[in-house]
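Build me a structure from this.
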Amino acid sequence: MAEKTPNSPKSVSGKAFDWVVLRRVLRFASPYRSLLLSAGLLSVALGAVTTARPYLVQVAVDFAVEDGDLSMLRWSIAALMLTLVLEGIGQWFFVLSTNELGQKVIRDVRVRLFGQLLHYRAAFFDRTPVGQLVTRTVSDVETMADIFAEGLLVIFGDLFKIAVMVVAMFVLFDPGMVAVSLSVVPILYVATRWFQKSIKGAFTDVRNQVAALNSFVQERITGMAVVQLFGREAEEARRFDAINQRHRDANIKSIWYFSLFFPIIDMLSALSIGLAIWYGGWRSLVDAGSVSIGDLTALIMFINMLYRPLRQLADRFNTLQMGMVASDRVLKLVESTNQLERPGSHSADRLKGQVEFDEVNFGYLEDQQVLHGVNLNARPGEMLALVGSTGSGKSTLIGLLAGMYHPNSGAVRVDGVSVSEWDFNALRSRLALVQQDVFLFSDTVRNNVTLYRSMPDDRIWAAAAEMGIKDFLESLPGGLDYDVKERGGMLSTGQRQLLAFLRAYLANPDVLILDEATSSVDSQSEAWIQRATEKITQGRTSVVVAHRLATVLHADRIAVLEHGQVVEQGTHTQLIEAGGVYANLYAKQFFGSEA
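All right, here's what the predicted structure looks like:
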């Protein structure tokens, strides 16, 4: 069975409200308990202060306006103003504390998520779109902050406010009038539950479409040269339009639920006020003085204040739902351990350089084997060259040696210890890899060749001189300060390869791995790279994947691979004399250059 990934777009629970996800999110808030507690207490205080306003209005109308008591009116207005000031100050502190809490939590989540991604297996990145991971790390994590800033604590405060107001209404006014005015609440409950369940699915679809859109745009921008060179602009525009339409439809679907739910709330609020006025008026006619003007005024205020948080509760709940949908996707990455590399504990300050492939079988997919019983070895200081047609398994062997993948059976050993038993940091710190497709960061030459290690410029220039590429570096505007831009876009393929060789040389590895480093460069760059190769391979074990056989003629051992199997191995002279597959490859490449 294929291994499950923690980023499936259908991985979100179908529940309207998932307490399990919420508890998982709250664990990240545990270091900030004091901030969480203070925000909760503020929400309680705000609920109590807000409820005092209608009562003060009732007092002003019944005991100041009707009785003509000016001092009572002044006292009521002063109390009302004080209440508003306290409410404003409390709201300011509440918003500040909830947003601060949200930002601190997502900072911790983002750091942990990125730290975990740094240790995920290479196979995970092979099958996970980059745009999807960017969405998880940036957009989805940012959405998690809304759980604290606009969701959980605000909902708690609104619920407390509603409870206080309902109790106050039954205590201050005629219970029958209050009961009649709130008789529509069951309808509100049914509508709210329907809305919660419907909007959860809509929001999940929105987040999935955002991830799909990000993945598509990221891939097309990265591969824009291919799109333009093959004249696929119209087709890619059509595909983007289709994805964008699905994104639009998902958002319109969520908006449709909003547009239906909020008018229902407004209608029920107006109906409650109408019922309160009808019942209050009827009671006044039947029993004069039982319901005062102040009672009706305050009750109408209470109803408006009651329905406002009820209306906002749906909105807040939607924010919470969106945050939990995003959180569920993020936490599946954060909490997943089956995708993590599992290094051993063996380490060494230096490597002797003994490399061995012992009956190695491997496949990227369980039912599609790439390597079949590979047996190879390189003694310390030797150069082992791997040659063969495209897809024969050469680069796969390199990935196994670097610990990026692990064999299905057999073993890859370095200094007699299986790669899986090595501490990966210890092993990889003594390896250096130069690939065919060199990756350079959007940064200076200095930072790309040192990979942000502290290193004096004199050492970099000295290494460049030893490798014969100092003139090339000096030709760049700014030298080591030259910004190569994203993926080294300001440099040619050959120039990027030279920086990759310099990067490897500065790492001073015990085992050097060259993966078709000269397969796509011009003859001038190849000459530079050949000199660099001769310098960098001196005195260390080297495993070289070669397309151009001229680069490995002097290798200590050449292994020829076909269909994931070693079919020949020996020195150049031995293989030529054998007249097999290698001799065939050599004849094709050098036909006409030798007699």
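
burial count for Asp315?
Each residue near Asp315 was counted by other CB atoms under 10 Å, and the total is 15. Backbone N, C-alpha and C define where each C-beta goes, glycine included.

how near is it to Leu118?
Using CB to CB, to the nearest Å, one obtains 37 Å as the distance from Asp315 to Leu118.

got it, and Asp287?
75 Å.

Could you give the average pLDDT over stretch 331-342?
The average pLDDT for stretch 331-342 rounds to 74.

Next secondary structure after the host helix or strand of Leu320?
Assigned by DSSP states H and E, Leu320 belongs to helix 293-334. If you walk from helix 293-334 toward the C-terminus, the next helix or strand you reach (DSSP H and E) is strand 355-362.

Let me see the mean pLDDT of the helix or strand that that next one is followed by.
Using DSSP H and E, the helix or strand that follows strand 355-362 towards the C-terminus is strand 371-378. Mean pLDDT, taken over the full extent of strand 371-378, equals 90.

Residue numbering should commence at 572 henceforth.
Yep, numbering from 572; the last one is strand 942-949 now.

What strands line up against strand 942-949, and which way round?
Neighbouring strands of strand 942-949 in its sheet, by DSSP bridges, are strand 926-933 (antiparallel).

May I see the buried residues of the partner strand?
Burial within strand 926-933, assessed by neighbour count using 16 or more other CB atoms under 10 Å, is assigned to 926-928, 931, 933.

average pLDDT for it?
Averaging the model's pLDDT scores along strand 926-933 yields 92.

Dump the C-alpha coordinates for that strand into PDB.
This file holds the C-alpha atoms of strand 926-933, laid out as PDB (Å, rounded to 0.1, in the frame of the first residue of the first chain):
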ATOM      1  CA  VAL A 926      31.800   3.300  -0.300                       C
ATOM      2  CA  GLU A 927      29.900   0.100  -0.900                       C
ATOM      3  CA  PHE A 928      26.600  -0.900  -2.600                       C
ATOM      4  CA  ASP A 929      25.700  -4.400  -1.400                       C
ATOM      5  CA  GLU A 930      22.800  -6.200  -3.300                       C
ATOM      6  CA  VAL A 931      20.900  -2.900  -3.500                       C
ATOM      7  CA  ASN A 932      17.300  -3.100  -4.700                       C
ATOM      8  CA  PHE A 933      15.200   0.100  -4.800                       C
END
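
Contacts for that strand next, please.
By CB atoms under 8 Å, 6 or more residues apart in numbering, the surrounding residues in contact with strand 926-933 are 940-949, 955, 967-968, 971-972, 976, 978-985, 987, 1082, 1112, 1114.

try 7 Å
Contacts with strand 926-933, where a contact means CB atoms under 7 Å, 6 or more residues apart in numbering, come from 940-949, 955, 967-968, 971-972, 976, 978-985, 1082, 1112, 1114.

Same check on stretch 829-840?
Stretch 829-840 is contacted from outside by 755, 758-759, 762, 766, 874, 878, 881-882, 885, using CB under 7 Å, 6+ apart.

Recalculate using a threshold of 6 Å.
For stretch 829-840, contacts defined as CB atoms under 6 Å, 6 or more residues apart in numbering pick out 755, 759, 762, 766, 878, 882.

Can you mark which positions in that stretch are buried?
Applying a neighbour-count criterion of 16+ other CB under 10 Å, the buried positions in stretch 829-840 are 832, 835-836, 839-840.

how about TSV for those residues, with distance to Leu784, secondary structure and pLDDT added?
As requested, the buried residues of stretch 829-840 are exported to TSV (distance: CB to CB, whole Å; DSSP: H, G, I helix; E, B strand; the rest coil; pLDDT from 0 to 100):
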residue	distance to Leu784	secondary structure	pLDDT
Phe832	26	helix	81
Ile835	32	helix	85
Ile836	32	helix	82
Leu839	37	helix	87
Ser840	38	helix	85
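
Where does the prediction get shaky in the chain?
Where the chain drops to pLDDT under 70, the residues are 572-588, 635, 637-639, 800-801, 857, 859-861, 885, 908-912, 1088-1100, 1162-1166.

sorry, back to before: list the helices and strands the helix holding Leu891 packs on?
The helices and strands touching helix 864-905, judged by 3 or more CB pairs under 6 Å, 6 or more residues apart in numbering; DSSP states H and E, are helix 590-598, helix 604-630, helix 641-688, helix 712-717, helix 723-743, helix 756-793, helix 804-857.

Deepest-packed of the ones you listed, please.
When neighbours are counted by mean count of other CB atoms under 10 Å, the highest per-stretch mean among these falls to helix 712-717, a mean of 22.

What about Ala956? Give its phi and psi, please.
Here is the backbone geometry of Ala956 (degrees, to the nearest 10): phi -100, psi 140.

which residues does the spatially most central residue of the chain contact?
Nearest residue to the geometric centre of the chain (CA atoms, centre = their mean): Thr708, 2.1 Å. Contacts for Thr708 were tallied using CB under 6 Å, 6+ apart; they are Leu684.

ok, so what distance separates it from Gly686?
Between Thr708 and Gly686 the computed distance is 11 Å (CB to CB).

Could you identify the buried members of the contacts of strand 926-933?
In the contacts of strand 926-933, burial by neighbour count holds for 940-942, 945, 947, 949, 955, 967-968, 971-972, 976, 978, 981-985, 1082, 1112, 1114, counting by 16+ other CB under 10 Å.

Now intersect the residues you listed with the strands, please.
The strands, defined by DSSP state E, take in 942, 945, 947, 949, 955, 981-985, 1082, 1112, 1114 from those.

Now flag whichever of the residues you listed is closest to Arg1058.
Nearest to Arg1058, judged by CB to CB, of these is Val1114 at 25.3 Å.

Break down the stretch 972-1121 of the chain into its strands, ranges please.
980-985, 988-989, 1002-1005, 1082-1086, 1112-1116 (DSSP state E, counting those that start in this stretch).

For the second one, enumerate the helices and strands it packs against.
To tie it back to what came earlier, the one meant is strand 988-989. Packed against strand 988-989, as judged by 3+ CB pairs under 6 Å, 6+ apart, are no other helices or strands.

Identify the spatial nearest neighbour of Phe599, chain neighbours not counted.
Nearest residue to Phe599, sequence neighbours excluded (CB to CB, 6 or more residues apart in numbering): Val676, at 4.9 Å.

do you know how far that neighbour is from Ala897?
13 Å.

for Leu607, same thing?
In this structure, Leu607 and Ala897 are separated by 20 Å, where distance is defined by CB to CB.

one step back: quick one: the buried residues of stretch 829-840 as CSV, columns for distance to Val712 too.
Output for the buried residues of stretch 829-840, formatted as CSV (distance: CB to CB, whole Å):
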residue, distance to Val712
Phe832, 28
Ile835, 34
Ile836, 31
Leu839, 37
Ser840, 36
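
which of the residues you listed lies closest to Leu1073?
Taking the buried residues of stretch 829-840 together and measuring to Leu1073 by CB to CB, the closest member is Phe832, at 62.0 Å.

List just the nearest of the buried residues of strand 926-933 to Ile718.
Where the buried residues of strand 926-933 are concerned, and distances follow CB to CB, Ile718 has its nearest neighbour in Phe933, at 42.9 Å.
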